[in-house]
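Enquirer: Structure of the sequence below:
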Amino acid sequence: MAGVDWESLTEATSGAVGALVSNTVLYPLDTCKTKYQAEVRSHGRQKYRNLSDVLWEAISTRQVLSLYQGLGTKNLQSFISQFVYFYGYNYFKRLYLERSGAKSVGTKANLVVAAAAGACTAIVTQPLDTASSRMQTSSFGKSKGLFETLSEGSWSDAYNGLGVSLLLTSNPSIQYTVFDQLKQRLLKRQQSTQVAPATTAKSSPQALSALSAFILGAISKSAATILTYPAIRCKVMIQASDSNDGSKKDESSKPPKTIIGALHAIWRKEGIPGFYKGLQAQILKTVLSSALLLMIKEKISRYTWISMLALRRYLLVSQRTIKST
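Expert: Prediction:
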């Protein structure tokens with residue numbers, strides 16, 4: 001068990017649980033946001049003029065529960081995504097510190113580490129990400145299951161938007177770099193005003209208070225979202241369902257399959273403002289989700305760490321017992 005990176009495993013588990021909770025709580029908002037972003041104005045008309053129009057459609061058609069369509073797939077994707085990301089992020093960060101001999105990770109190195117972790121995450125979870133986007137943008141009440149959704153096209157179709165996803169690794173890179181830098185400064189300030197007990201100072205990772213984690217999470221995610229939003233909208237359009245309603249569509253109204261096609265469609269039909277259509281909804285959802293995720297992660301990290309230590313101790317005892325027999 002000596003080769004297991006228990007600290008990275010603790011961070012990964014805490015982050016994954018936080019993602020699961022925050023995603024479930026905010027999923028109806030996420031569905032409304034995704035359907036709103038996926039629509040491109042056609043012939044000067046658009047079905048959804050505001051985010052609230054999506055919610056009203058669900059209410060008026062008595063399909064409120066359809067706001068949760070694709071929740072299982074999204075939760076699976078979020079759990080795996082956050083686990084892989086937090087594990088990779090902490091693993092690469094520890095590896096960098098060991099190889100470089102540095103005492104802390106600088107901003108530039110942090111960006112590279114976060115981007116590497118994000119790239120691994122995107123490749124592993126892209127099919128689930130594509131499936132959840134198709135489910136959310138399907139007509140209310142007409143969403144299909146995970147395997148049926150993925151089997152609609154070729155296997156390569158499940159990786160629609162992978163290029164944009166790799167480009168968007170800069171989003172969590174910016175987010176967690178800003179969050180880590182702000183967290184380190186805040187913890188140093190707290191340490192300068194408080195004396196930690198000598199017996200517990202190194203027993204578990206330092207954690208922020210729930211309020212501090214929420215605020216820092218909101219600030220860091222806002223910065224990342226504003227900088228990368230045009231690519232975020234392109235990704236949603238690429239992964240959108242081919243049929244948002246029951247009517248027949250011409251070729252020009254079908255979802256684009258490349259980032260160039262998405263950019264061209266937005267520019268031709270909506271102009272420059274189209275690149276930021278739904279930005280407020282994106283910030284609202286992602287900031288709340290990220291802040292809630294990081295708040296939960298920080299609060300349970302101490303208990304997760306204790307659980308990991310207990311698990312490690314149990315496995316070591318088990319190994320010794322097996323060897324002795």
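
Enquirer: Would you check that P256 makes contact with A240?
Expert: No - under the contact definition of CB atoms under 8 Å, P256 does not touch A240, with a separation of 9.1 Å. Any C-beta I mention is one placed from the backbone N, CA and C, and that applies to glycine too.

Enquirer: A291: what's it in contact with?
Expert: Taking CB atoms under 8 Å, 6 or more residues apart in numbering as the contact definition, A291 lies against A213, F214, I215, G217, A218, K221.

Enquirer: And these, which two are furthest apart?
Expert: Of all pairs drawn from the contacts of A291, the greatest distance, 12.0 Å, lies between A213 and K221 (CB to CB).

Enquirer: More neighbours: P256 and A240, which one.
Expert: Remark: of P256 and A240, A240 carries more neighbours, 27 against 18, as counted by other CB atoms under 10 Å.

Enquirer: pretty sure that one contacts S133?
Expert: Yes - with the criterion set as CB under 8 Å, A240 and S133 qualify as a contacting pair; they are 6.4 Å apart.

Enquirer: Common neighbours of these two, please.
Expert: With CB under 8 Å, 6+ apart, A240 and S133 have common neighbours A38.

Enquirer: got any ranges where the stretch 51-200 of the chain has weak pLDDT?
Expert: Of all residues in the stretch 51-200 of the chain, those with pLDDT under 70 make up the ranges 194-200.

Enquirer: Break down the chain into its helices, ranges please.
Expert: Applying DSSP state H to the chain gives helices spanning 6-25, 27-38, 51-60, 71-100, 107-137, 146-150, 162-167, 170-193, 210-239, 259-270, 279-324.

Enquirer: List the buried residues for the third one?
Expert: Residues of helix 51-60 classed as buried by neighbour count (16 or more other CB atoms under 10 Å): L51, V54, L55, E57, A58.

Enquirer: Once you drop chain neighbours, what's closest to the fourth one?
Expert: Taking CB to CB, 6 or more residues apart in numbering, and ignoring the residues beside it in sequence, E57 has F140 as its nearest neighbour in space, at 6.8 Å.

Enquirer: quick one, phi psi at that neighbour?
Expert: The main-chain torsion angles of F140 are listed as degrees, to the nearest 10 and equal phi -60, psi 130.

Enquirer: my guess is it meets G70, correct?
Expert: No - the pair formed by F140 and G70 falls short of the contact definition of CB under 8 Å, at 11.6 Å.

Enquirer: Quick one: residues contacting the nearest residue to S133 once chain neighbours are set aside.
Expert: When the adjacent residues along the chain are set aside, S133 lies closest to Q239, with 3.7 Å between them (CB to CB, 6+ apart). By CB under 8 Å, 6+ apart, the contact list for Q239 reads D129, T130, S133, R134, T137, N160, G161, P255.
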